[in-house]
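>>> build me a structure from this.
(2 chains)
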Amino acid sequence: MKKFFLKLGLALLPIVAYVAFFIAFEPNNYFGLHTGANADDSVIAKIRSFEQDGATRIILGDSRMAHFDADAVQAAAGAPFANLAFGGASLEESIDLFYFAFAQNPKLEQVVFGFTFYTLNTNYGSVNRMATIQTQLQNPLAYIFNLEYNINTLQNFVYKVQGVQTGGADETAVWGPADYLDSTTGSALPYRANLIRYAASLYGNCAQPGTLDGAQTETQLAAAMLATNASASKFTVNEEQLNRLLEMAALCEREGIYLSIVLPPISESVRELVCEPLGIDLAMAPALAALHSIQSEYVQVLDYEWENPPAFEDAQFFDGFHIDTVYGLPAFTEMLFNEVANGA
Amino acid sequence: MRFLPLATLAFTTVFIYSMARVIERAQGAARRCLEGLGITICLLVLAFFKYNGFFLPTALTALGISRIALPLGISFYTFAGVGYLVDVARGTSPAEKSFCNVALFLCFFGTITSGPICRAGNFLPQLHQARGFNGDACVQALRLALVGFFKHVALANVLGLYVNTVFSTLDAYSGLTLIFSAAMYALQLYFEFSGYSDIACASALFLGLEIPQNFKTPYFATNFSGFWQRWHISLSTWLQDYLFTPLVWSRWPNKLPKLGRFFEKPPILSSLFLVFFISGLWHGNTLPYVVWGLLQGLFRIGEELMHKTLGKAPKKQSAIKKIAKRITVFTLWAISLVFFRLGYEPGGSAGMAARSILRWGQGLSLPAFVGETFDVITAGFYAKTVMVYLYVLYLIAAFAIAFLIDRYQFTHNKDKPAAFALARVKPVARWAIYYTLIAFVLIGFVLQSGGFGIANMAYGGF
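Prediction:
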């Protein structure tokens, strides 16, 4: 029997070595054995950290809510928040994540929940990854054998060997007059060139196919978007997810959890090239009214998308949706979390 | 309803145990009656679960039940139980006195989900023998399990990522891709099922039990007769012993009014056809499965008729002739499997399978095939180009190893798994083989993200 177990041990060596390597270099600190996660933007890393710390204040939403500096948030709000927002999160995923976090920690005190007209669109069409993420959180084997995390682990190992420092890439840039010229013809543009391209990219989910056909240059794209009307729109409010959001707010109300529903600011270019021509502002009105109607002691709606005057200039936006992490985000963090703290 | 599968298993076990005891005590016509009753009740239970959605949809809807789930392993423990009752009635196997032994025979964890179907005459006597820890047997079991995992996880499941993507959107592809995917499915099915059977045999061997080998290099067969002696052997021999042989000797066509005289005597070919038809119907009550079964019947009968008219092929044949025959058998088998595969594809139909096969001759362009293969892999499961190349290289390497394993078994180790031959390899080479196979299993697991969220087994749900 001794000989058999010796052979079995020898046979298991590669598996043990593989698991040990994975645990040593996996970037999300899944097992809580490292001092910190290398992939701070990963949803797994964020949720694991939340589970380990037992945080009672959380931030949910997509990439617009994911880039807040934790220290700046704490300074403005007067309390630390665990940021569970992640890039590309759909409204459905963010709501699912709220329920998951609530199940993990029923003592939640405060939730800052970000969403936008774009994720409330029925045609957002994103796959819900929460079931997969939950499986990975609950079953270490699902995490260890996941292809993407294995690639990340290998990459992390290579970075460590090369001594490369890893961390979230800042979305920042300094824009000059040249950025307001058409990249093909060189003619002056009504908006920054990258903002026009970004606005055009939103037409995929918000407008009928072929709406911008034929427009190639930034000048042509801007002209085509300004000439569009609501008949080209395919934007509709996702009533199912809106109702889920309202139910979530009602739950927070019942449980005494302070909920701040945040619509982060959008660039004027998105408002004028996408929302107004396609009539999204009008289509969103009933949804916004429904949200405002549930405001209470525990639920506040902070709408920087539609109601607030454009407090942020073009230069403070990295693209149409994302505030520049250096030139805009600090101001927005302070503004938002002061209001969040006042509302609680 | 939650406990229905467990209750069914409990009922079947108690029923078969008691029935076998009663049958053993009965004599003559009473024994035959009891045997018939036992078989009928077992098969009625099986048929109820397998075909209730077909025969009773209205009744079930009225009861507020959308569907009744198939109890895990019901086909396999029913087949084992029916075989046991028949063996007891024939006097070839005594009725087991220990209820626990019968329960273990029917519910053995290694075989209950997808076989191999054990025979009472082989399994039950082993339970009466004294067993202790046997290091050599355990090492052999680990070798067998390792090869099984390699075939199942490292090859079939990874290959399944491609096959599943193509079969879910068959209309989108040209002829060469359709031919290639049909061939790949035939290989996926074989490696998955034989790998699973190896793991089942290994788990039994680990506990000191020997269960029947289910596959013996079927793709080396040069005719369908040989193929069915090597493919899913436990089911083929079960059908032969408990369905085909009784059908032939019962001379069932004689009982058909007027029509009986058109059948041959004894009714070998017609019984063969009937057995394959029932085999198709057992796999599923939809047309694609039935067509698959009928095609197997046609292939076998066609082969028998060819032997009758042209005479049997000489035992010694040229290598080229043998290879050509193997390719023919594999091609016909792969064609029939398109029906089988679409039998469990949601929305799949016999018409879809036939249309797909009819399109095999269209668009036979190599560049189109390469482009489509690339698209299938990137759109289906790997977004990055480098992963596409790694996936293809990995599969080529895995296929090469699997071919060597099968080739070795075919040429040197015909009646035993190739894994057992590893004991004869020098230690350094042997451990190099172990580590290579383990590495492939690990990489295979990762390539399919551990199999979490991936579709069912290619051979399952029967």
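>>> quick one: end-to-end length of stretch A:258-278, please.
Counting by C-alpha to C-alpha, to the nearest Å, you get 34 Å between the two ends of stretch A:258-278.
>>> quick one: residues contacting residue 224.
Since no chain was named, I'll use chain A. Residues counted as contacts of A:Ala224 (C-beta atoms under 8 Å, 6 or more residues apart in numbering or on different chains) are A:Thr211, A:Leu212, A:Gly214, A:Ala215. The way it works is simple: take the backbone N, C-alpha and C, and place the C-beta from them, glycine included.
>>> if you could check chain B rather than the one you did, that'd help
With C-beta under 8 Å, 6+ apart, B:Phe224 has these contacts: B:Gln296, B:Phe299, B:Arg300, B:Glu303, B:Val329, B:Leu332.
>>> most neighbours of all those, which one?
In terms of neighbours by other C-beta atoms under 10 Å in any protein chain shown, these top out with B:Gln296 at 24 neighbours.
>>> checking that one next. Helix, strand or coil?
The three-state assignment at B:Gln296 reads helix, by DSSP: H, G, I helix; E, B strand; the rest coil.
>>> how close does it get to chain A?
Going from B:Gln296 to chain A by C-beta to the nearest C-beta, to the nearest Å gives 37 Å.
>>> what packs against the strand or helix carrying A:Tyr99?
Counting by DSSP states H and E, the element that carries A:Tyr99 is helix A:91-104. Where contact means 3 or more C-beta pairs under 8 Å, 6 or more residues apart in numbering or on different chains; DSSP states H and E, helix A:91-104 is packed against helix A:43-53, strand A:57-60, strand A:110-114, helix A:130-138, helix A:239-255.
>>> any idea of the mean pLDDT for the fourth one?
This points to helix A:130-138. Mean pLDDT, helix A:130-138: 88.
>>> contacts (any at all) between chain B and that helix?
Yes. With C-beta under 8 Å from any C-beta of the partner chain as the criterion, chain B is reached by helix A:130-138 at A:Ala131, A:Thr132, A:Thr135, A:Gln136.
>>> which element follows that helix toward the C-terminus?
Next along the chain after helix A:130-138, taking DSSP H and E as the criterion, comes helix A:140-144.
>>> one more: the longest one?
Using DSSP H and E, the helix or strand that directly follows helix A:239-255 along the chain is strand A:258-263.
>>> and the contacts of that following strand?
Outside strand A:258-263, the residues touching it (C-beta under 8 Å, 6+ apart) are A:61, A:65, A:109-117, A:245, A:248-249, A:252-253, A:291, A:298-306, A:336, A:339-340, A:343-344.
>>> buried stuff in stretch B:118-126?
For stretch B:118-126, a neighbour-count test (16 or more other C-beta atoms under 10 Å in any protein chain shown) marks B:Cys118, B:Arg119, B:Ala120, B:Phe123, B:Leu124, B:Gln126 as buried.
>>> show residues contacting that stretch.
Applying C-beta under 8 Å, 6+ apart, the external contacts of stretch B:118-126 come out as B:80, B:83-84, B:87-88, B:92-93, B:96, B:101-102, B:105, B:108, B:111, B:208-212, B:234.
>>> got the CA coordinates for it in PDB?
Output in PDB follows, covering the C-alpha atoms of stretch B:118-126 (Å, rounded to 0.1, in the frame of the first residue of the first chain):
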ATOM      1  CA  CYS B 118     -23.000  -5.500 -16.400                       C
ATOM      2  CA  ARG B 119     -24.100  -9.100 -16.500                       C
ATOM      3  CA  ALA B 120     -25.300 -10.700 -13.300                       C
ATOM      4  CA  GLY B 121     -23.400 -13.900 -14.100                       C
ATOM      5  CA  ASN B 122     -20.100 -12.000 -14.100                       C
ATOM      6  CA  PHE B 123     -20.700  -9.300 -11.500                       C
ATOM      7  CA  LEU B 124     -22.600 -11.000  -8.700                       C
ATOM      8  CA  PRO B 125     -20.100 -13.900  -8.100                       C
ATOM      9  CA  GLN B 126     -17.400 -11.300  -7.700                       C
END
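>>> that older thread, could the residues of helix A:130-138 next to chain B go into CSV alongside distance to B:Leu239?
As requested, those are exported to CSV (distance: C-beta to C-beta, whole Å):
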residue, distance to B:Leu239
A:Ala131, 41
A:Thr132, 41
A:Thr135, 40
A:Gln136, 44
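>>> how close does the closest residue to B:Gly361 other than its chain neighbours get to B:Leu364?
Of all residues not flanking B:Gly361 in the chain, B:Gly175 sits nearest, at 5.7 Å (C-beta to C-beta, 6 or more residues apart in numbering or on different chains). Applying C-beta to C-beta, to the nearest Å, the value for B:Gly175 to B:Leu364 is 5 Å.
>>> of these two, who's got more company?
Remark: of B:Gly175 and B:Leu364, B:Gly175 carries more neighbours, 18 against 12, as counted by other C-beta under 10 Å.
>>> what separation do you get for that one and chain A?
Distance from B:Gly175 to chain A, by C-beta to the nearest C-beta: 30 Å.
>>> from the chain's centroid, how far away is the helix holding A:Tyr99?
Offset of helix A:91-104 from its chain centre (C-alpha atoms, centre = their mean, to the nearest Å): 14 Å.
>>> what's next to it, contact-wise?
Residues from elsewhere that reach helix A:91-104 (C-beta under 8 Å, 6+ apart): A:43, A:47, A:50-51, A:58, A:60-62, A:84-85, A:89, A:108, A:111, A:113-115, A:119-120, A:124, A:126, A:128-130, A:134, A:238, A:241, A:244-245, A:248, A:251, A:255, A:257.
>>> now a PyMOL select for only the buried ones of the residues you listed.
The PyMOL command for the buried members of the contacts of helix A:91-104 (criterion: 16+ other C-beta under 10 Å) is given here:
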select buried, chain A and resi 43+47+50+58+60+61+62+84+85+89+108+111+113+114+115+119+120+129+130+134+238+241+244+245+248+257
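>>> what pLDDT is listed against the residue nearest to B:Gly361?
pLDDT at B:Gly175 comes out at 91.
>>> settle this for me: it is touching B:Trp360, isn't it.
Yes. The pair B:Gly175 / B:Trp360 is scored as a contact, 5.0 Å apart, by C-beta atoms under 8 Å.
>>> write the ChimeraX selection for whichever of the contacts of strand A:258-263 are buried.
Selection of buried members from those for ChimeraX, criterion 16+ other C-beta under 10 Å:
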select /A:61,65,110,111,112,113,114,115,116,117,245,248,249,252,253,291,298,299,300,301,302,304,305,306,336,339,340,343,344
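>>> in contact with the residue nearest to B:Gly361, which residues are there?
With contact set as C-beta under 8 Å, 6+ apart, B:Gly175 has these partners: B:Arg359, B:Trp360, B:Gly361, B:Gln362, B:Gly363, B:Leu364.
>>> what's it sitting at in phi/psi?
Backbone torsions of B:Gly175, given as degrees, to the nearest 10, read phi -50, psi -50.
>>> excluding chain neighbours, what is closest to the residue in the stretch 301-450 of chain B that chain A sits nearest to?
Going by C-beta to the nearest C-beta, chain A is nearest to B:Gly450 of the stretch 301-450 of chain B, at 3.0 Å. In space, and not counting its chain neighbours, B:Gly450 is closest to A:Phe145: 3.0 Å by C-beta to C-beta, 6+ apart.
>>> that neighbour: neighbour count?
Around A:Phe145 there are 23 residues (other C-beta under 10 Å).
>>> where does it fall, phi/psi-wise?
Phi and psi for A:Phe145, reported as degrees, to the nearest 10, are phi -90, psi 0.
>>> what of the one 3 residues further on?
When quoted as degrees, to the nearest 10, the phi and psi of A:Glu148 stand at phi -60, psi -40.
>>> tell me who's in contact with it.
B:Ser449.
>>> ditto for the one 5 residues further on
Contact criterion C-beta under 8 Å, 6+ apart gives A:Phe21, A:Phe22, A:Phe25, A:Glu26, A:Pro27 as the residues in contact with A:Thr153.
>>> so it: helix, strand or coil?
Secondary structure, three-state DSSP: A:Thr153 is helix.
>>> alright, that wraps it up for me.
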